[in-house]
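Engineer: Need the 3D shape of this:
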Amino acid sequence: MATRRKDVRFYDVFVETTDDNGVTQEKRVKADFWTKAFKKIEKTKAAQSRIITINRTRYFGTVHHPVSPAVNHLQVGRLRDLSEHLETTDLGSGEVELLELDDPNKRVSEPTFVVPVSSKGRVAILVRVR
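Structural biologist: Next up, the predicted model:
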């Protein structure tokens, strides 16, 4: 039976705001932060509006409400640029080939799962490891 491992890291979440005078403040998120964030993301229908760039890396997010296990979470995928020349490797034969996508709008993404775990805005970040 195949198993999947996940690395799990826990974070306290802070939001950084800048006032009209350019003063930056950090505030811990409130208990309802993730509920509001999930609703806002779900209302955003246009795919391009769900992409954010952080440190020159693009990410795409979607909210998931799975049946089992029943834990609402945010799935964020790091979008790989086509210039990264992704390849596939056949572990049996050793053949290496260029990964070709059949649609110019498709990109490879690396999934990360953001799961709220406390009433104080704390989250568990689960990174899929195979």
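Engineer: Quick check, central residue of this structure?
Structural biologist: Nearest residue to the geometric centre of the chain (CA atoms, centre = their mean): V76, 1.4 Å.
Engineer: so for the one helix or strand that residue maps to, what's the average pLDDT?
Structural biologist: Using DSSP states H and E, V76 sits within strand 73-79. Averaged across strand 73-79, the pLDDT comes to 86.
Engineer: neighbouring strands for the helix or strand bottoming out on mean pLDDT in the chain, and are they parallel or not?
Structural biologist: Ranked by mean pLDDT, DSSP states H and E, the weakest helix or strand in the chain is strand 123-129, scoring a mean of 76. Strand 123-129 pairs in its sheet with strand 5-11 (antiparallel), strand 109-116 (antiparallel), by DSSP bridges.
Engineer: Mind telling me what element the residue in the chain sticking out farthest from the centre is part of?
Structural biologist: Of all residues in the chain, S93 has its C-alpha farthest from the mean position, at 32.9 Å, by CA atoms, centre = their mean. In the assignment (DSSP H and E), S93 maps to no helix and no strand.
Engineer: Now stretch 32-50: buried residues?
Structural biologist: Applying a neighbour-count criterion of 16 or more other CB atoms under 10 Å, one finds 33-34, 37-38 buried in stretch 32-50. In short, each C-beta sits where N, CA and C put it, glycine included.
Engineer: and the residues you listed as TSV, adding pLDDT?
Structural biologist: Supplementary listing: those in TSV, determined by pLDDT from 0 to 100:
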residue	pLDDT
F33	89
W34	88
A37	88
F38	89
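Engineer: Now tabulate those residues in JSON lines and tack on distance to N21.
Structural biologist: Formatted as JSON lines, these follow (distance: CB to CB, whole Å):
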{"residue": "F33", "distance to N21": "25"}
{"residue": "W34", "distance to N21": "30"}
{"residue": "A37", "distance to N21": "27"}
{"residue": "F38", "distance to N21": "32"}
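Engineer: Restricted to helices, list the residues you listed.
Structural biologist: Among the buried residues of stretch 32-50, the members found in helices (DSSP state H) are 33-34, 37-38.
Engineer: Among these, which one sits closest to R9?
Structural biologist: W34 (16.4 Å; CB to CB).
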